[in-house]
Structures are given as structure tokens and as C-alpha cells.
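structure for this input, please:
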Amino acid sequence: MIYTITLNPAMDRTLWVEKIRSDDSNRIAREQRYAGGKGIDVSRVLTILGVVNKALGLVGGFAGEELEGRLLNEGIACDFIRIPGETRTNIVVNEASTGNQTVFNARGPEIRPYEVMQMVHKVEKVENPEIVVVSGSLPPGVNPEIYRKIIEIFRGRGAMVILDTDGDALRVGINGLPNVIKPNIHELGRLVGKELQKKDEIINAANSVLQQGIGSVLVSMGAEGILLIAEKEQYLASPPKVKVENTIGAGDSAVAGFIYGLSNGKTPKEALTYAVAAGTATTLKPGTALCRKEDFLELVPQIKIRLTGDKDDPQ
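Model (predicted):
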């Protein structure tokens, strides 16, 4: 079974306005609400792609009820821990006149120590964990050490673990030795303590992380694609040029695409193609992690993959 873990899920309230005017009233043209959070996004895209999975996490209040109800209506199995606090709501504003997208992320509810341990006991008991995605920010009251512990539990049970987070959560989480981490270039830069711009700098940074015992590093680079850096293979997969409508959930969709490939018996190199296709498909539609399977399948043969260091690979 494939599991996703989201300790700080959210409802994403997405608004569309013609133009944002300061010191004036701004009329909302339309709005949508989506279940969000990085692991939740992965679960949604996996389900769209036909991969059975289960979403785990912490939810509370009316927003938590709505989030779970929306996931159930999308056919996603859930096994959440109930908390007294209210699941956060993020605000996403799309400005039609400029094409700009502005995101306001809430902190999330305060999590109590016994709720942290309820999560630990949950992961100790889940059935047949094969691939596990641990991702997203941590809510207030939760130390990054929780990610290391969760990863170690799943690794001890023979699961492949993918970690996708940032800052201290990533820095501490990698001590649990996940099989894969998926930072973007900015997150990787913060992890190694330097700004990364050139491709060789990114590759060197990823290789330095591998030396800490990580199996593979997937580095998302926006329109340039995704790097797969492992001990014996280093590839860059690039998407075709597309009209980007939305970027929210694209990285999470890439994780789902990578898992889609692995769950269908593909090698990591082949799964990289599916990762880029899924991430790119999500950028084609407004909303949170809305990857249409028909777009995904159409993009797969258009992804170009090559060894890093090839003469046609710009540095």
C-alpha cells in the first residue's frame, strides 16, 4: 500500500480577481475550495492516475471535516487523527490582468504532545507500507524530530520513503535516511547553506546530500525540469514549453508521477519521465494539484531525458 502523511493539511480557498487595487474594494469574480497540503496533493494526483493510496494526517474542526469530505468524494481513502484545533485555510489569489498568483499560507493549529504520539502509533500499525510520502510543513507544537522518527519506523518496516519538506524539517528528517528527497533548488540551497544557480552547483549540492546516506535526490527546477541524482545515475528530464496556468501542487504532482512509475515497475530513470509529465500537467489547469490523466499521458512522450554532463546539457 502507498501512504501519504500530511501533518499540516489545509483547505485552499482559491480566488480569481480581475485586478488587485489597494485602498479600494476588490470584487471576487469566482472562487473554488480544494483539499490541500503537500501529501494530500500527492494522494489526489495518485488517485487521478489510478494508483490506490491512503492519506494519513491530522485534521480538526469544520475545515478538517470539509477536507476529508472532499477527499472521500474524490475517491481517496483517509485515516486521519482528529484534533481539537481547526485545520488551516490558505488563501490563493489569481489576478487575471497580470497572470500573477499570490499565496497566503496559514500556520495551522497547535498540536499537543499526545496528538504527536497518536500519529506515531498510527504509523507503527498501518498495514503493508510499501511506498510512503512524508511531506509538507509542520504545524505549531511539532518538532522536526517527528519526521526522523516516522521515517525510521517506515524504513524499519521495509518501506520506501520519500521526504518532501523544507528548512529544519528537511535538515532533521534526512537523519532518518529516507530513500528519496525532493527539494526544489531553493530548498536544496537552504539545506546545504548556499545559493544555487548553475546546474553544476545544483548537482554538486545534491551529491553532497547523497553522502549523508540518502538514496536519491530529485531536484525540481520549474520549467527546466527535474534532476535525478543518485550514486550511479544522474539524469535531467525536461518538459516541453507549455502555457502555465497554475504552479500550486506541481512539485507534489511530480512526486505522484514518480511513484506512478515505480508502482508500474519502471526504473527510477523511467519514473523520472512520469514525474515531469505529472508536474507539467498540473501547471496547465487552475486550482490545486489538478493533474488530468489525459494531459499526463499526452505529455509523457514529450519529456526529454538525458545524462547530466552530455555535451548538449547546458550548465
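
show me where this protein has strands.
Chain-ordered strands for the chain, with DSSP state E as the definition, fall at 2-6, 10-17, 30-36, 53-59, 77-82, 88-95, 100-104, 131-135, 160-164, 180-181, 216-220, 226-230, 234-238, 304-307.

show me where pLDDT drops low in this protein?
Counting by pLDDT under 70, the chain has low-confidence residues at 287-289, 309-315.

in stretch 267-286, what's buried?
Residues of stretch 267-286 classed as buried under the neighbour-count rule (16 or more other Cβ atoms under 10 Å) are 268-269, 271-284, 286. Every C-beta, even on glycine, is put in place using the N, C-alpha and C of the backbone.

just how off-centre is it within its chain?
For stretch 267-286, the gap between its own C-alpha mean and the chain's C-alpha mean amounts to 12 Å (Cα atoms, centre = their mean, to the nearest Å).

Pro9 contacts Tyr34, doesn't it?
No: the criterion here is Cβ atoms under 8 Å, and Pro9 misses it with Tyr34 at 11.2 Å.

looking at the two, which one has more neighbours?
The residue with more neighbours, out of Pro9 and Tyr34, is Pro9; 29 against 23, by other Cβ atoms under 10 Å.

give me the number of neighbouring residues for the residue nearest to Asn26 when sequence neighbours are not counted.
Distance criterion Cβ to Cβ, 6 or more residues apart in numbering; nearest residue to Asn26, sequence neighbours excluded, is Val17 at 5.3 Å. Neighbours of Val17 under the rule other Cβ under 10 Å: 17.

next one: Val17 relative to Thr102, how far apart?
The gap separating Val17 from Thr102 is 10 Å, by Cβ to Cβ, to the nearest Å.

and Leu297, by the same measure?
Leu297 sits 32 Å away from Thr102, going by Cβ to Cβ.

what's the answer for Ala223, then?
In this structure, Ala223 and Thr102 are separated by 20 Å, where distance is defined by Cβ to Cβ.

repeat that for Val133.
As it turns out, when the distance is counted by Cβ to Cβ, Val133 lies 27 Å from Thr102.

comparing these two, which residue is more hemmed in?
When Val133 and Thr102 are compared on other Cβ under 10 Å, the one with more neighbours turns out to be Val133, at 32 against 11.

which residues touch that one?
2-5, 39, 42, 161-162, 164, 255, 259 (Cβ atoms under 8 Å, 6 or more residues apart in numbering).

skipping adjacent residues, who's closest to the one residue sitting closest to the centre of the chain in space?
Among the residues of the chain, the one closest to the centroid is Asp252, at 2.8 Å (Cα atoms, centre = their mean). Across the structure, with Cβ to Cβ, 6+ apart as the measure, the residue nearest Asp252 apart from its sequence neighbours is Asp41 (3.5 Å).
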